[in-house]
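Asks: Build me a model:
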Amino acid sequence: MAEPVMLKVEGASKRFGGLQALDSVGLSVAKGQIYGLIGPNGAGKTTFFNVTTGLYVPDAGRFELQGRAYEPRAVHEVARAGIARTFQNIRLFGEMTALENVMVGRHLRTHTGLMGAVLRLPQAKREEREIAERARALLDYVGIGRFADYRARTLSYGDQRRLEIARALATDPVLLALDEPAAGMNATEKQQLRILIERIRQDGRTILLIEHDVKLVMGLCDRVTVLDYGRELAVGAPAEIQSDARVIEAYLGTAATH
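Replies: As a prediction, the model looks like this:
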């Protein structure tokens, strides 16, 4: 029996002045899948991520999460709907500790509100302890628990990437959108990242992945969409994508044979 659709996008479009960055792109991600989005620089991958997660308001398109329509008009609204993302350029609070960064993400799911926190009401104090405990557990989960009290800017590049993932997971997303998570990583860090992404999927989350490392994408993803000049070029399983002549010509080149 096929898994239900987690994320469905139809006709997503976005223009910047005279540039049609995204031209009626769609995809369907089944629950529990790791779904890859690849293409040359300027193909529209990040624009697609940005309109799907509320960073950009789309010019057109229909968006559904778990069978319910949502309007991606603000990042916090999309996060509340159940989509969390990381960014190609790391966006951490550098002077805050790793623990505090994850706690920021977790606060999206708090209930006591600002007044309760200001007045230090018992419920607020209890909730803050629970947030800290959950944040520490997530740091352990991504493999950087020992750095909980380190300032984020002092962590290695690979560990900062892991911290971003922990912060995204703190929102309890049903879908995790990862934008170039392996960028700047060495071979060992990429292998560790692959293990982490597979573990996240095994623990019941759905993952949408933009990544330039073709080998990583083909080894991780269940399905892949290839974009080129803001349009869908090909969709299929990794083996189909690797053997598609249009994709090879536009993007993969010799990478398709490895």
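
Asks: R106 and A166: what is the separation?
Replies: Applying CB to CB, to the nearest Å, the value for R106 to A166 is 10 Å. All C-beta atoms are positioned from the backbone trio N, CA, C, and that covers glycine.

Asks: care to break the chain down by domain?
Replies: 5-82+173-257, 92-158 (automatic domain parsing).

Asks: between these, which gets the lowest average pLDDT?
Replies: Among these, domain 92-158 carries the lowest mean pLDDT, a mean of 82.

Asks: R106 and A166: which is more packed in?
Replies: Counting neighbours by other CB atoms under 10 Å for R106 and for A166 shows that A166 has the greater number, 28 against 23.

Asks: Between R106 and A166, which contacts overlap?
Replies: Here R106 and A166 have A135 as joint contacts, going by CB atoms under 8 Å, 6 or more residues apart in numbering.

Asks: residue ranges for the helices of the chain, please.
Replies: Along the chain, the stretches classed as helices by DSSP state H are 45-52, 75-81, 98-106, 113-119, 122-142, 157-169, 187-202, 214-220, 238-242, 245-247.

Asks: of those, which approaches G61 most closely?
Replies: helix 45-52 (6.8 Å; CB to CB).

Asks: Any idea how many residues pack against L19?
Replies: Using other CB under 10 Å, L19 has 11 neighbouring residues.

Asks: what about it, distance to T52?
Replies: Distance of L19 to T52, computed by CB to CB: 19 Å.

Asks: My read is that N50 contacts Y56, right?
Replies: Yes. Between N50 and Y56 there is a contact at 4.3 Å, judged by CB atoms under 8 Å.

Asks: can you list residues touching both of these two?
Replies: What both N50 and Y56 touch, as defined by CB under 8 Å, 6+ apart, is the set K14.

Asks: And the two? Which one has more around it.
Replies: Ranked by neighbour count (other CB under 10 Å), N50 and Y56 place N50 first, with 22 against 19.

Asks: Contacts only, for that one.
Replies: 14, 56.

Asks: Please report the distance of it from A12.
Replies: Going from N50 to A12 by CB to CB gives 10 Å.

Asks: Among the helices of the chain, show me which one is buried the most.
Replies: Across these, averaging neighbours per residue (mean count of other CB atoms under 10 Å) puts helix 45-52 on top, at a mean of 25.

Asks: Alpha carbons of that one, as CSV, please.
Replies: Listed next in CSV are the C-alpha coordinates belonging to helix 45-52 (Å, rounded to 0.1, in the frame of the first residue of the first chain):
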residue,chain,number,x,y,z
LYS,A,45,15.9,25.0,-6.3
THR,A,46,16.3,27.5,-3.5
THR,A,47,13.4,29.7,-4.9
PHE,A,48,11.2,26.6,-4.8
PHE,A,49,12.3,26.0,-1.1
ASN,A,50,11.7,29.7,-0.3
VAL,A,51,8.1,29.8,-1.7
THR,A,52,7.2,26.4,-0.2
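
Asks: What is the burial count for the closest residue to F49 other than its chain neighbours?
Replies: In space, and not counting its chain neighbours, F49 is closest to D179: 5.5 Å by CB to CB, 6 or more residues apart in numbering. Close neighbours of D179, defined as other CB under 10 Å, add up to 21.
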